[in-house]
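Chemist: kindly generate the corresponding structure for this input.
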Amino acid sequence: MKRTALKWVCIIFCLLLSSNSIFLVNAEKLNNTQVNLILKKANNAYRNGQFAFAVDYYNTYLFNKTDSISSIRLKLADCYWQMRNYEKAFQIYKSIYPTVNTKANEQDKRRMAELYARYNQYQQAGKWLEMIPEFGNKAKAYSEETTLNKMKNDSLNWTVGFSVINTNYREFSPFLKNDTLFFSSNKPLKDNTIAFGWDGNNYSHIWVIQSFEAEDVKLDNTAYTTSIKNENLLNAKNIAGVYEGGSNPIVKKKFSTNPNINRELDGELSLYGYLLNGLDELYYNVSASTIDKNNRIYFSSNYRRADKNGINRICLMEGQLTSSGVRNIKKIPFGDANLYSVMHPAVNYDGTFLVCSSNKPNGEGGYDLYYTSRIDSVHRWDDLKAFGENINTKGDEVFPYISRDNTLYFSSDGMPGLGGLDIYKISLKNAIKGEGEVVHISYPINSSADDFGWTQDSIGTKGFFTSDRFSNNDNIYNFNYEPVVITRKFITGYVKEIDSFKPLSGSTVFLYNPKEDSVLIAKTDTLGKYTFEVSSTEKQIIKAIKQSYTNDCFITKGTTNEEQKDTTQLKSLNLTLNKFNVGFKWKLNNIRYDYDKSNIRADAAPILDSLVALLNQYPITIELGSHTDSRGSNSYNERLSQHRAESAVAYLLKKGIDSKRVTAKGYGESQLINKCADGVPCTDAEHQANRRTEVKVIGYIDSEKKSNGLNLEMFKDGEKINKNLLPSNFFDDCKTEEK
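Modeler: Numbers count the residues shown, from 1 in each chain. Okay, the predicted model is just below:
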C-alpha cells in the first residue's frame, strides 16, 4: 500500500466497505487447523481494512508458530502503522530490517525513513531514503546537521499551544474565518448510527466554534497530561485506524445540530463546538472545509456509493453557508468514483481560484496538487491543471490552504523536512508559473511527526494547524507569530587584490572567536564582500584565503555599542591578498653562500623552511634561481650557481616538497644587480649582494584545489566548524593590531 493510503487517508476517506464476522481468540496454543483458520481470518480482516482485528489474529498466529514468517510480520507491522501505533510498527520493522536493506520495497524504505525521523534518528532515516533517487534531496537534508539546524533557525518567533478543543479522537483540518473556527473531528455522536463496524468510531464531521479567541487554546498541561492517562480512550483512538469507514450499509444520519442539545447529549466531547447544520444528506465522511468572501463553503466528502471493489473515493462539494447551516449543496465536477479521488479544497478569498489534492493517474507522486479557476461563483470551474515540479514530488502533496495575501500553504512528505508531512509555503503567483522555491516553515510548527492543515488570520500572526506529534494522534494546535527583536551585530568587510584593489569573489573567510572556541565561515560575493553575524563584540580573529593567492589575517579590537537595540555593524574590515602570477619573482633574503662554496649555511635553513611552508600552502610550481658575483670565469660561475640552486632544491625535497614542483637554475654572473662586473673594483659587501637566491613562480598544480593546506571547497558559507578541523598554527600569522 502506498504512503498515500497511509495516515492521512483516514482523513481523506478511501473506505473499504465489506462485512466480516470476527471472533476473538485467547493467546493459547492452538492446533494446526485452528492456526490455519486464524491466518485466514487475519488475511480477510487485513484485506478489508479491519486492522484492529487483523492485529489480534496475526499476533495469535505468530504466537502459535515456532518459525518467524517475514511476510506475516510485515502485514502485522502494516496494521500497526495504519493504526498509528508507530512504536510497535517500528519494533517489528526493525526486527525484519535490522540494517539498511536494499532489497526492501519502496514503501518499506520510506516507512523506515519516516519512523527513524519520527524518533529523531535522522542519520539512519537518510540512509533509508537515499536508496530512492526521487527522495535524494530529503535524504541529504536528513544527513546534514547544518540543514536540519537551518530548518529550526527562527524557532523563537513562534509560540505554539495545544488546543483545549482536542479530545481523544481526531481533530484536524481547521479553517479560520474571522473569529469562527471550523474543524473536522471523528468524535462519536451519541444519537448517530455507528459508522465503523470494526471500532465503534463515527465518521468525520465538520464542527464550528464561534467567537473563538486565542486564549481559548492556550496549552493546559494538566488537562493535556490527564487526558492521555485514560487508557480506554487511548485504545479507542488507536483503533481509529486509517479508514474512517466500515461495514455498515448506507444509513441516513440522525443527529441534532443544536449546540445546546449536542452538549447535553455528548458531555465533554461537545463542550467545544457544535456540528455544522445542513450536511445531513451527505454520507460517510465530510471534512477539510474552506470558505470564500461570499460564504461559499467547499469541502471533501465520500461519494454516495462505493466502486465494485468496495472502495468509496472522495470528491469535492460546495454549498452556501447561511446562518442556519449549509444550503444548495452540489458536487464540483472533478474526480472519478471508479478511478481516483479529488480532495482537500482550498479557495482564495474571492472564490475564483481553487487548489486541491488528487491521485489522478500520471501524476508526479501519490497525491499531487492541482488548481482551477473561474470568472465568478456562478460560472463553472476550468479543468484541473497540475502544479510544476517545484511543488509536486514523488511523495504526497496534501492539505493546501490559500491565505489572504495569496500565499499557498501545503504539506508534503517528498521535500526536505523534519519528519513525515511538513508544512511549506510559496506565493500563489510563483506556484502557478512553476517558478521559485517553496519555503519550509520552521520548528516548532514542523516537527518529526506529521504536520498539516494550516489556517491563519488575515494578517498571518495567529492561526492553527494539525499535528500528530503527541500520542500519534491528530490534534489542533494554535500558533502566534511574533518576530523576536534581538540585538544583532555584524562584522563585515571586503577581500581585494593588493595591487589592483579589485574584489576577490569566492574567497573563504574564517572568523575565530577565542572565547567560544568556534570558527565561522563566510564566502565573499561578487563585490568581494563578506559578512559575519556575531554574538560577541570581544576580540575576533579573521583570516581570508583564496586559491593561488597569499592570505591575510588580523585581530579585531571588538568595539561596538553594547546598549544599541537595533542592528549594529562593526567597523568595515578589509583584507588584501597577493596573487602569485606566473613570472612573479622575489629574493630569498639572508640566503648567503660562502665564497666559492655551494653548501647551505646554517643561517639559511630558517629561510628555506619558510619557503617550504609557503609551498605547502599554495599550489604553485617554482624555479629556484642561484646567482654568483663576477669573480671567476663565466663557466665556473654557471657551474657554481647551478650547484648552489641544486643544493637549495635538495633541502626542499628533504622537507617533503614534490620534486615536480621545484626546478634548480644556475644563472652564474649573467644577472648582476649592481655595477660589480668583471674589472670593476667592488667591496666584499657589494659582491655579496650578487650572491643570492631568487624564487620565481612558473606555474600551478592544476589538479590541486587546496590553499593553505586546505580543500576550500569543503567549507560552506554560513556554517560553523570546530577549530580542530584547521591546522594548529592556522591563525598564528595574524597581525596583532586591527587594520
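Chemist: when you work out contacts or count neighbours from here on, use the C-alpha atoms and nothing else.
Modeler: Noted.
Chemist: where's the closest residue in space to residue 529 that isn't next to it in sequence relative to residue 525, distance?
Modeler: Closest residue to residue 529 apart from its sequence neighbours, by Cα to Cα, 6 or more residues apart in numbering: residue 494 at 4.4 Å. The gap separating residue 494 from residue 525 is 9 Å, by Cα to Cα, to the nearest Å.
Chemist: residue 180 now?
Modeler: Distance from residue 180 to residue 525, by Cα to Cα: 49 Å.
Chemist: which SS state does residue 58 fall under?
Modeler: With DSSP: H, G, I helix; E, B strand; the rest coil as the basis, the three-state label of residue 58 is helix.
Chemist: who's more crowded, residue 494 and residue 525?
Modeler: The neighbour comparison of residue 494 against residue 525 (other Cα atoms under 10 Å) goes to residue 494, with 22 against 16.
Chemist: which residues sit in contact with the more buried one?
Modeler: 503, 524, 527-530, 572-575 (Cα atoms under 8 Å, 6 or more residues apart in numbering).
Chemist: if we go to 7 Å?
Modeler: Counting by Cα atoms under 7 Å, 6 or more residues apart in numbering, residue 494 touches 528-530, 573-575.
Chemist: ok so, going back, the residue nearest to residue 529 is in what secondary structure piece?
Modeler: Element membership for residue 494 (DSSP states H and E) is strand 489-497.
Chemist: then that strand to PDB, C-alphas only?
Modeler: The C-alpha coordinates for strand 489-497 follow below in PDB (Å, rounded to 0.1, in the frame of the first residue of the first chain):
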ATOM      1  CA  LYS A 489      25.800  42.700  15.400                       C
ATOM      2  CA  PHE A 490      27.800  42.100  12.300                       C
ATOM      3  CA  ILE A 491      31.400  42.100  11.200                       C
ATOM      4  CA  THR A 492      31.600  42.900   7.500                       C
ATOM      5  CA  GLY A 493      34.400  43.800   5.100                       C
ATOM      6  CA  TYR A 494      35.900  43.200   1.700                       C
ATOM      7  CA  VAL A 495      38.600  40.900   0.300                       C
ATOM      8  CA  LYS A 496      40.600  42.600  -2.500                       C
ATOM      9  CA  GLU A 497      43.700  42.100  -4.600                       C
END
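Chemist: avg pLDDT for it?
Modeler: Across strand 489-497, the average pLDDT comes to 84.
Chemist: also stretch 627-634?
Modeler: 86.
Chemist: same thing with stretch 153-160?
Modeler: 79.
Chemist: what's it in contact with?
Modeler: With Cα under 7 Å, 6+ apart, stretch 153-160 has contacts from 442-444, 477-484.
Chemist: just the buried residues out of those residues, in PyMOL syntax.
Modeler: Those of the contacts of stretch 153-160 that count as buried under 16 or more other Cα atoms under 10 Å are selected in PyMOL with:
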select buried, resi 442+443+444+477+478+479+480
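Chemist: of the contacts of stretch 153-160, which belong to strands?
Modeler: Per DSSP state E, strands hold the following members of the contacts of stretch 153-160: 477-481.
Chemist: want to throw the residues you listed into a markdown table with distance to residue 730 and pLDDT?
Modeler: Output for those, formatted as a markdown table (distance: Cα to Cα, whole Å; pLDDT from 0 to 100):
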| residue | distance to residue 730 | pLDDT |
| --- | --- | --- |
| 477 | 49 | 92 |
| 478 | 49 | 91 |
| 479 | 46 | 91 |
| 480 | 46 | 89 |
| 481 | 43 | 89 |
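Chemist: closest to residue 498 out of those?
Modeler: Nearest to residue 498, judged by Cα to Cα, of these is residue 481 at 47.3 Å.
Chemist: now do the contacts for the closest one.
Modeler: Residue 481 neighbours (Cα under 7 Å, 6+ apart): 157-159, 461-462.
Chemist: residue 301 pairs with what?
Modeler: residue 286, residue 315 (DSSP bridges).
Chemist: mind checking how far it is from residue 99?
Modeler: Distance from residue 301 to residue 99, by Cα to Cα: 42 Å.
Chemist: just the helices in the stretch 551-700 of the chain please.
Modeler: Ranges of helices in the stretch 551-700 of the chain, per DSSP state H, counting those that start in this stretch, are 605-617, 634-654, 684-690.
Chemist: show me what the second one is packed up against.
Modeler: When you say that, I think you mean helix 634-654. Secondary-structure packing of helix 634-654 (3 or more Cα pairs under 7 Å, 6 or more residues apart in numbering; DSSP states H and E): strand 620-627, strand 662-668.
Chemist: kindly calculate the angle that it makes with strand 662-668.
Modeler: Put simply, helix 634-654 runs at 160 degrees to strand 662-668, going by axes from the mean of the first three to the mean of the last three Cα atoms, to 10 degrees.
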